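**Student:** predicted structure and sequence below. I'll ask about it afterward.
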Amino acid sequence: MNGNAPRSAPPAVTFFGGTIGAVLPLVVFLTGVAWLGLSGAPDERGFWPVLVVSLGAGTLLATDRAAYGDAVVRGMAQPLVMIMVLAWLLAGILGSLMNASGFVDALVEAATRIGLTGGGFVAMAFLVCALVSTATGTSLGTLIICMPLLYPPVRAVGADPAMAVGAMLSGATFGDNISPVSDTTIASAHTQGADLGGVVRSRLRYALPAAAVALSVFSVAGSGAEPTPTGTPAGGSGLVPLVMMAVPVLVVWLLIAGRSLLVGLLAGIGAGCVVALGLGLIEPSALLWIDREAYVARGIVVEGMQRGVGVSIFTILLMGIVGGVEAGGVVDRVLEAVRRRARSARGAEAWIVGAVTAAVFFTTHSVVAILTVGRFARDTGAACGVSPYRRANLLDMTVCTYPFLFPFFVPTILAASLTASGASLGAPHLTPWSAGLHNIHSWALLGMVVVAVWGGYGRRAPVELSDR
């Protein structure tokens, strides 16, 4: 087959009940996850049955079940989905390796010695994640790299676990919103015909006040119980395991250099094994060994990969549901219905925020939401005199709120999943609801959206670029 030959678009899927039937599977999913989250669902595995029921609802409502099944599989089989799954499995290995080396215990001892405990530790976690996410442009990558290192010691340093997770999620959100190499920054600037540098500079007026609010709250309210030091790390190795900090630094450097997250994680695992084995922090047999009595393989590699299983299956099934909804053309119909209703700058901005909000809930993906409503935002905003920078900022700010706040999006699910890394030091396994609730930066950013649209903040800022 000629690889350059044009491919026809997949056929649209119709549902009994029209638009309501197309949306119903997503409503079932959102309702089920919200109920489980409020009931204290322990982890993302508890959401699996809801996903299966949602897929079943879509299958029953589709007029052509074969076409619906194809749409679901296409949604699951996106390259981005498989990249995320592979990254989470590898990140689990890296996190387990860092913990087994005694790094977390050494970090606790070092933090205690310099007095960085309670709210100070939580504020530090926010700043570290903000720096990493700004440098790399990836929120999920930041959580994968930083949380297995910064979350386990929260009890030992007297930090509130929920606030600590919120701080890490907040830091990851900050970079996703402001970084010039973030996919959402690039997408929002490109769709609105704005230059990247101007978009980043103009975005600071919204992002920095939100970050200041978050840093203040984490510093004041981040303390939990009294610190409970874990003792000398790694069987008497003192602060030696802190050398393992070079491993995540290597991963971040590779990401900044333009390498993929997959390459960075594989390099980190390899370097971590070399350093940990070379310094005697772990034994070779700890990496992989056979439990002959239970007929299973155990060790750092197996246990690390198991950490990523829950969120991986969740993501695959969720993308299947989204694929079915998108095939029904729901988002296109919503945009067409509101396209000509804006009559003023404020009205246009409100419609832009409303449209991208609907898109991010329907697609559960920030970049896809921006790309879906990009043309609508550009045409509607330009007709009402809204500058390209302003439109790009409204799009990006909005998609950096909901996915980092509500428990049915991948970032909050991932953050909750990664809290399992703290079990050995008594740090609790938190729910996605708890993770999102304590993401102060995203709540503050949502407040900035409201102030910007309804209060007019930033609307009359100097315009450096005209539509082209």
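**Tutor:** The structure has been received and is ready for your questions.
**Student:** buried stuff in stretch 280-294?
**Tutor:** 281-282, 286-287 (16 or more other CB atoms under 10 Å). (C-beta placed from N, C-alpha, C; glycine too.)
**Student:** any chance of those residues in JSON lines, plus distance to Leu60?
**Tutor:** Putting the buried residues of stretch 280-294 into JSON lines (distance: CB to CB, whole Å) gives the following:
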{"residue": "Leu281", "distance to Leu60": "54"}
{"residue": "Ile282", "distance to Leu60": "51"}
{"residue": "Ala286", "distance to Leu60": "49"}
{"residue": "Leu287", "distance to Leu60": "47"}
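**Student:** for the stretch 351-468 of the chain, give me the ranges with low pLDDT.
**Tutor:** 461-468 (pLDDT under 70).
**Student:** before we move on, which element is the most centrally placed residue in the chain in?
**Tutor:** With distances taken as CA atoms, centre = their mean, Pro411 lies nearest the centre of the chain, 2.9 Å away. For Pro411, the element it lies in under DSSP states H and E is helix 410-418.
**Student:** just how off-centre is the helix or strand following that helix within its chain?
**Tutor:** On the C-terminal side of helix 410-418, the nearest following helix or strand under DSSP H and E is helix 432-437. Its chain's C-alpha centre and that of helix 432-437 lie 12 Å apart, by CA atoms, centre = their mean, to the nearest Å.
**Student:** do the same with stretch 90-102
**Tutor:** The answer for stretch 90-102 is 20 Å, by CA atoms, centre = their mean.
**Student:** who touches that stretch?
**Tutor:** 104, 144-145, 147-149, 152, 233-235, 237, 240-241, 244, 247-248, 251, 262, 265-266, 268-269, 272-273, 275-276, 281-282, 286, 300-301, 303-308, 418, 421, 424 (CB atoms under 8 Å, 6 or more residues apart in numbering).
**Student:** quick one: which of these sit in helices?
**Tutor:** Among these, the members found in helices (DSSP state H) are 104, 144-145, 147-149, 247-248, 251, 262, 265-266, 268-269, 272-273, 275-276, 286, 300-301, 303-307, 418.
**Student:** can you tell me which of those are buried?
**Tutor:** Buried, going by 16+ other CB under 10 Å: 104, 144-145, 147-149, 247-248, 251, 265-266, 268-269, 272-273, 275-276, 286, 300-301, 303-305, 307, 418, out of the ones in helices among the contacts of stretch 90-102.
**Student:** wait, what's in contact with Leu277?
**Tutor:** Here Leu277 is in contact with Pro284 (CB under 8 Å, 6+ apart).
**Student:** any idea how far His438 lies from Ser216?
**Tutor:** Using CB to CB, to the nearest Å, His438 is found at 14 Å from Ser216.
**Student:** for those two, indicate the residue with more neighbours.
**Tutor:** Remark: of His438 and Ser216, His438 carries more neighbours, 28 against 14, as counted by other CB atoms under 10 Å.
**Student:** can you classify the residue of the chain most remote from its centre as helix, strand or coil?
**Tutor:** What lies farthest from the middle of the chain is Glu293; by CA atoms, centre = their mean that is 39.4 Å. Three-state call for Glu293 (DSSP: H, G, I helix; E, B strand; the rest coil): coil.
**Student:** now do the phi/psi pair for it.
**Tutor:** When read as degrees, to the nearest 10, the backbone of Glu293 gives phi -70, psi -40.
**Student:** now swap in Ala257 and tell me
**Tutor:** phi -70, psi 0.
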